[in-house]
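> Any chance you could fold what I've pasted below:
(2 chains)
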Amino acid sequence: MSISDQPLLLPSARPASRVAIRQVGSYETDLSAIILETLLEFRLPVSGKTVLLKPNLVGLDPGLVIDTHPAVIAAAREAFLRLGAARVLVGDGPAVERDFEAVAESVRLREALGPLAGILIDLNLDDPRRVALRTRASNLRELYLPASVLQADFVVSLPKLKTHHWAGVTLSLKNMFGIVPGGCYGWPKNILHWAGITNAILDIASTLRTDFAIVDGIVGMEGNGPIQGQPKPCGVLVLGDDPVAVDATCTRVMGLRPERVEHLAKASRLLGHLDEEKIQQIGEAIARVRTPFAVVDQFTHLVASSVSRPS
Amino acid sequence: MSAGPQKTGSFRDGVCLPFLRDSQNQDGGWGYQLRSESRTEATSWAVIALQNIPQSGRSDPWAEALDRGTEWLLSAQLPDGSWPSHRSGNRGCWCTSLALLALKSRAADGKAAAKAREWLLGTWPAEGGIWWRLRNRLRSDPGLVRQNLALRGWGWTPGTSSWVEPTSYALLALEGYPENSSRSLRERRRLGEAMLLDRMCPGGGWNNGNPRVYGVAGEPAVGPTVWALLALRRERSRPEVERSLTWLSDWLSATPDRGQGPASIALASICLETLGRSAAPPEPALKECYDANQFLTNVLTFAWATMALTPECGWPACGGLST
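Have a look, this model is predicted:
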């Protein structure tokens, strides 16, 4: 079960987190080897387990600029299988496009993964289970969540590195919006907007365990994301077992201040580390890969003062 | 299901109908996918698709399946006349419109349908509240999204905003009832249709988000465009409706590289056929998709493919709905 039973701890009571930054030139690189090497450093307990990869397949993306790149999804799947996972499933529930097969075909996921039947799960249409939310950041109190996610032994958030016109950034925490089933709440999942995006992110993150995060930042998206922004080559994969720390690191890579991203700031109180001093960096240093991302006017306050903003 | 369509018989008869037969659950309903729990939306579309299969002989081979499906729907209705999306749900939602459509297709327009109609007419989206409107007026950023919030349709779930698809479903479900029977019916139709026209993307078509965000025009999508066009059939002569129809027609004839999934192909074909636009027969494209992914065993896709491959039915005109 992927329902979280981890204690909600204040930052001072939590051990330091580790986040790996891997510099990757292109999607043609041997991504599986890079991801596997990093997973081995984290000693993940996935042998014999069912792993669910949750990429960001938010919409039709023939240009491969919106969704998590299929090469990253396939590489992550291969790496977890090589680590000994019994099954590695791929599931998402797009927020605004109901034709999930069209989304998968638009990014040529079948070419990357092989036959999709039996591997790819439309979480929007999965059997729903009522789950009491662990926190009360929003007034939701409970949500129906997909049985396939709840039954997975190990859940991996696999987002793309993007700015977001409502939330500032969309990374491994915001990516988990996609598990909330449209079959119960519609397309988009408007109940989450009414509950407040920040608060809904927090309630989902505190309730559902995200065991690991792999962020596709090889080419990210800046500006009016998550759909209408511009592609932004950044050349990184960011990986870690603390989604808050991974997202904070990604935000810094984007030249933004994580403490000013509302959902990250709030998540850091109980769910993970935001403070750079509490995050042990593996691989590349942030400064070496920092790539300033443009943001819409509403989020200029996120831009770190030491970073020149792209025009 | 075995991979690949049968060699004998049409794709509908050889693949789609057997799938729908085999995927009906013991309780009479259909789940969204093979061997999944019965759901209101999947059951509604399976019933509508099977109801529209022309009978070739004296007996209807689908009569028992249809009876069981209808019974499931009737048993899942909540006391207030609405339907939840799934059996353990306790609040009505957009599926009410689809269940009502299914009951009407079966001419089962009795008490259950009357209660559903009343629920639809009495259910307003959340943006209608006075406090919400006041707060929105004070806080809204005019550059963010541009739409007329006074035009209220229907939301996906209670307590949320109007959206194109649930509004279209409700308008379709409320079709065929005489306008003079209810002032609220007249008013809801007027508002719903106006809301759909207001939410159209600048270049034609509709999407499931906002037509324009931060000044950037949204891309239309097939599903919402189909439902909005079907719901706006009374406005067929409007240039913006014609523009949207052209967008849909162009989409269907474009190269498959743009992400043409089988559900979208089937829906676009149904819509173009219903609105009298010529289009290539959908069977080859649907077969190709089936060969690739077996429609991911999605019951909605099989139901819509069945309807698209039954053009003589003239959906949704048959089954008691009037155009």
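
> thought residue B:159 was touching residue B:124?
No. Using CB atoms under 8 Å, residue B:159 is not in contact with residue B:124; the gap is 10.2 Å. (Glycine included, C-beta is placed from N, CA and C.)

> Would you state the strands of the stretch 51-200 of chain A in chain order?
For the stretch 51-200 of chain A, applying DSSP state E, counting those that start in this stretch gives strands covering A:87-92, A:120-122, A:128-132, A:142-146, A:154-158, A:160-164, A:168-170.

> for the stretch 201-311 of chain A, same thing?
Counting by DSSP E, counting those that start in this stretch, the strands of the stretch 201-311 of chain A are A:212-222, A:230-240, A:279-283.

> again with the stretch 101-250 of chain B
Going by DSSP E, counting those that start in this stretch, the stretch 101-250 of chain B shows strands at B:212-213, B:216-217.

> State the mean pLDDT of the last one.
Within the predicted structure, the mean pLDDT of strand B:216-217 is 73.

> One more: stretch B:245-265?
Averaged across stretch B:245-265, pLDDT comes to 86.

> same deal with stretch A:245-257?
For stretch A:245-257, the mean confidence score works out to 98.

> circling back to that earlier point, please identify which of the strands of the stretch 51-200 of chain A is closest to residue A:224.
Closest approach to residue A:224 among the strands of the stretch 51-200 of chain A is made by strand A:160-164 (7.8 Å; CB to CB).

> Near chain A, which residues of the stretch 101-250 of chain B? Just list them.
Contacts of the stretch 101-250 of chain B with chain A, taken as CB under 8 Å from any CB of the partner chain, map to B:126, B:141, B:155-157, B:159-161, B:163, B:165-166, B:207-209, B:213-214, B:216, B:218, B:221-223.

> Apply 10 Å and report the result again.
Neighbours of chain A within the stretch 101-250 of chain B, by CB under 10 Å from any CB of the partner chain: B:125-127, B:132, B:141, B:143-145, B:155-166, B:207-210, B:213-219, B:221-224.

> Quick check: ChimeraX command selecting the buried ones in those residues.
Applying 16 or more other CB atoms under 10 Å in any protein chain shown to those, the buried members can be selected in ChimeraX as follows:
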select /B:125,126,127,145,155,156,157,160,161,162,163,164,165,166,207,208,209,210,213,214,218,219,221,222,223,224
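
> thinking again about what came up before, nearest to chain B, out of the strands of the stretch 51-200 of chain A?
Chain B lies closest, by CB to the nearest CB, to one member of the strands of the stretch 51-200 of chain A: strand A:128-132, at 5.7 Å.

> related to what we said a few turns ago, can you list which of the residues of the stretch 101-250 of chain B next to chain A are found in helices?
B:132, B:164-166, B:222-224 (DSSP state H).

> List the residues that contact residue 277.
Since you didn't name a chain, this refers to chain A. Residues in contact with residue A:277 (CB atoms under 10 Å, 6 or more residues apart in numbering or on different chains) are residue A:16.

> try again with chain B
By CB under 10 Å, 6+ apart, the residues touching residue B:277 are B:229, B:242, B:245-246, B:248-249, B:252, B:268, B:271.

> Which residue ranges of the stretch 1-150 of chain A form helices?
Taking DSSP state H, counting those that start in this stretch as the criterion, the stretch 1-150 of chain A carries its helices at A:31-42, A:70-82, A:100-106, A:109-113, A:147-151.

> what does the first one rub up against?
Under the contact criterion CB under 10 Å, 6+ apart, helix A:31-42 has outside partners A:18, A:20-24, A:30, A:46, A:69, A:71-83, A:156, A:211-212, A:214, A:216, A:218, A:237-241, A:282-283.

> which among the residues you listed end up buried?
Buried, going by 16+ other CB under 10 Å: A:18, A:20-24, A:46, A:69, A:71-81, A:83, A:156, A:211-212, A:214, A:216, A:218, A:237-241, A:283, out of these.
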